[in-house]
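Asker: Task: produce atomic coordinates for the following.
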Amino acid sequence: MDSISITRPDDWHLHLRDGAALAAVLPYTARQFARAIVMPNLKPPVTTVELARAYRDRILAALAREPAGPGFEPLMTLYLTDNTSAEEIARAKSSGFVHAVKYYPAGATTHSDAGVSALERAFPALAAMEAHDVPLAVHGEVTDPAVDVFDRESVFIDTVLAAIVRRFPRLRVVFEHITTREAADYVATAGPNVAATITAHHLLYNRNAIFRGGLRPHLYCLPVLKRERHREALVRAATGGSPKFFLGTDSAPHPRGEKESACGCAGCFTAHAALELYAEAFDAAGALDRLEAFASFSGADFYRLPRNTARVTLVREAWAPPAELGFGATTLVPLRGGESLVWRLV
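Answerer: The predicted structure follows:
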């Protein structure tokens with residue numbers, strides 16, 4: 001197959017940052033995706049509907065300055081804290097533009113210091129989310145320093161996620177950027193209210209890639225890449241046709257200097273070639289015919305939004321993204337920058 005046409009997809013997990021950084025990275029997403037769930041981990045975090053409204057206005061203003069696609073809609077989220085109230089959840093539901101609430105265990109990843117410090121402190125907000133049918137998007141890792149970094153996702157399933165699903169059985173939960181066989185198995189066997197996003201980089205790489213020929217900081221992300229058996233399980237989940245798994249890039253831009261440092265930031269920037277990277281993974285698995293459902297249908301269905309009607313086309317054509325991209329006053333290094341890609345969006 002030398003070309004593939006699919007319904008214009010959505011990105012169900014995206015970091016856009018703010019200010020000049022937002023203006024720099026937004027066009028890459030807008031040219032490929034119709035909608036995106038925008039993460040709230042700014043500084044300060046987006047904890048209220050009014051802050052989400054203001055952030056949405058800044059995104060729309062950036063779009064207006066640099067039209068980058070045939071219409072793009074940011075889907076906003078709130079940052080769950082120990083103090084998120086049931087009243088704020090009700091306001092989120094009635095807003096029409098807040099589509100999920102994000103659970104970060106405190107200290108789990110970039111700008112997560114204001115996250116939930118103890119699960120029971122979030123119970124009032126979670127109960128309101130269940131009552132108002134507001135989805136919970138979960139960063140699924142424990143932060144206990146005694147737990148090995150490669151085990152933090154599986155421990156989270158046993159100690160946190162399973163407890164949430166048991167206590168709030170009608171709450172829709174998106175287990176974001178899953179990285180392990182245990183996570184794929186849990187989602188596959190859970191009820192219809194539990195789904196998961198999978199990134200392109202977790203489909204394409206295992207943890208050996210971080211150390212190939214030296215330390216490669218631009219492949220460092222959280223949750224970190226895992227063993228090959230986990231990558232293979234993710235590929236099976238993504239390409240298996242289950243509507244429980246769908247596209248979420250977790251594209252996370254950082255300045256080059258903050259990645260290439262003594263204590264580098266976690267996150268892979270993939271928005272510049274997101275669909276091309278997913279197509280490569282599905283092509284390698286012999287499952288290009290299942291890319292459309294994963295990228296364009298399953299996420300929209302789970303979030304109970306209409307499917308898009310426009311279409312995009314990918315062709316089998318070798319090309320190389322730039323090795324470096326502008327990022328406000330600095331630059332960032334995109335995943336596979338300067339390296340050959342097999343598919344190209346036209």
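Asker: do you know how far residue 147 is from residue 84?
Answerer: 25 Å (Cβ to Cβ, to the nearest Å). Where you see a C-beta, it was placed from the backbone N, CA and C, and this is true even at glycine.
Asker: if you count what's nearby, which of the two comes out ahead?
Answerer: Neighbours were tallied for residue 147 and for residue 84 using other Cβ atoms under 10 Å; the higher tally belongs to residue 84 (24 against 16).
Asker: out of everything not next to it in sequence, what's closest to the more buried one?
Answerer: residue 125 (4.1 Å; Cβ to Cβ, 6 or more residues apart in numbering).
Asker: what number of residues lie near that neighbour?
Answerer: Number of residues near residue 125 (other Cβ under 10 Å) recorded here: 26.
Asker: for the stretch 1-150 of the chain, what spans make up the helices?
Answerer: 19-30, 49-65, 86-95, 123-132 (DSSP state H, counting those that start in this stretch).
Asker: Which of those helices sits closest to residue 344?
Answerer: helix 19-30 (14.0 Å; Cβ to Cβ).
Asker: Reformat the helices of the stretch 1-150 of the chain as JSON lines; add mean pLDDT.
Answerer: Output for the helices of the stretch 1-150 of the chain, formatted as JSON lines (pLDDT from 0 to 100):
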{"stretch": "helix 19-30", "mean pLDDT": "96"}
{"stretch": "helix 49-65", "mean pLDDT": "96"}
{"stretch": "helix 86-95", "mean pLDDT": "98"}
{"stretch": "helix 123-132", "mean pLDDT": "98"}
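Asker: for the chain, which spans come out with low pLDDT?
Answerer: 67-70, 111-112 (pLDDT under 70).
Asker: Pairing partners for the top strand by length along it, with directions?
Answerer: Looking across the chain with DSSP state E, the single longest strand is strand 311-319. Sheet pairing of strand 311-319 (DSSP bridges) gives strand 3-7 (antiparallel), strand 341-345 (antiparallel).
Asker: Kindly reformat those as CSV containing mean neighbour count.
Answerer: Output for these, formatted as CSV (neighbours: other Cβ atoms under 10 Å):
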stretch, mean neighbour count
strand 3-7, 16
strand 341-345, 17
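Asker: who touches the longest strand of the chain?
Answerer: 1-9, 32, 275-276, 279, 340-346 (Cβ atoms under 8 Å, 6 or more residues apart in numbering).
Asker: hmm, 7 Å instead?
Answerer: For strand 311-319, contacts defined as Cβ atoms under 7 Å, 6 or more residues apart in numbering pick out 2-8, 32, 275-276, 279, 340-346.
Asker: Tell me the buried residues in that strand?
Answerer: In terms of neighbour count (16 or more other Cβ atoms under 10 Å), strand 311-319 has its buried residues at 312, 314.
Asker: got it, and stretch 56-68?
Answerer: Within stretch 56-68, the residues scored as buried using 16+ other Cβ under 10 Å are 56, 59, 62-63.
Asker: Kindly report the same for stretch 297-308.
Answerer: Along stretch 297-308, these residues count as buried under the neighbour rule (16+ other Cβ under 10 Å): 297-300, 302-303, 308.
Asker: Ok, stretch 36-50 next?
Answerer: 36-42, 45-49.
Asker: Which residues are in contact with the closest residue to residue 29 other than its chain neighbours?
Answerer: Counting by Cβ to Cβ, 6+ apart, residue 29 lies nearest to residue 271, which is 4.8 Å off, once chain neighbours are set aside. Residues in contact with residue 271, defined by Cβ under 7 Å, 6+ apart, are 25, 28-29, 249, 251.
Asker: buried subset of those?
Answerer: Listed as buried from these are 25, 28-29, 249, 251; burial here means 16+ other Cβ under 10 Å.
Asker: okay, these in TSV with distance to residue 75 next?
Answerer: Shown next, in TSV, are the buried ones among the contacts of residue 271 (distance: Cβ to Cβ, whole Å):
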residue	distance to residue 75
25	17
28	17
29	12
249	14
251	15
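Asker: Nearest to residue 166 among the residues you listed?
Answerer: residue 249 (30.1 Å).
Asker: Would you quantify the distance from that closest one to residue 267?
Answerer: 11 Å.
Asker: Wait, a strand at residue 282?
Answerer: No. Per DSSP: H, G, I helix; E, B strand; the rest coil, residue 282 lies outside any strand segment and is helix.
Asker: isn't it right up against residue 293?
Answerer: No. The criterion here is Cβ atoms under 7 Å, and residue 282 misses it with residue 293 at 10.6 Å.
Asker: what about the strands in this structure?
Answerer: Using DSSP E, strands in the chain cover 3-7, 11-14, 35-38, 73-79, 98-103, 136-139, 173-176, 194-198, 245-247, 311-319, 325-327, 330-332, 341-345.
Asker: The third one pairs with which strands?
Answerer: I take that to be strand 35-38. By DSSP bridges, strand 35-38 pairs with strand 11-14 (parallel), strand 73-79 (parallel).
Asker: hmm, who's touching the shortest one?
Answerer: Contacts to strand 11-14, defined as Cβ under 7 Å, 6+ apart, come from residues 29, 33, 36-39, 176-177, 197, 246-251, 274, 299.
Asker: Residue 117 contacts residue 82, correct?
Answerer: Yes. Between residue 117 and residue 82 a contact is recorded at 5.7 Å, counting by Cβ under 7 Å.
Asker: picking that back up, in terms of contact, does the residue nearest to residue 84 touch residue 81 like I think?
Answerer: No. Between residue 125 and residue 81 there is no contact, the gap being 8.5 Å when judged by Cβ under 7 Å.
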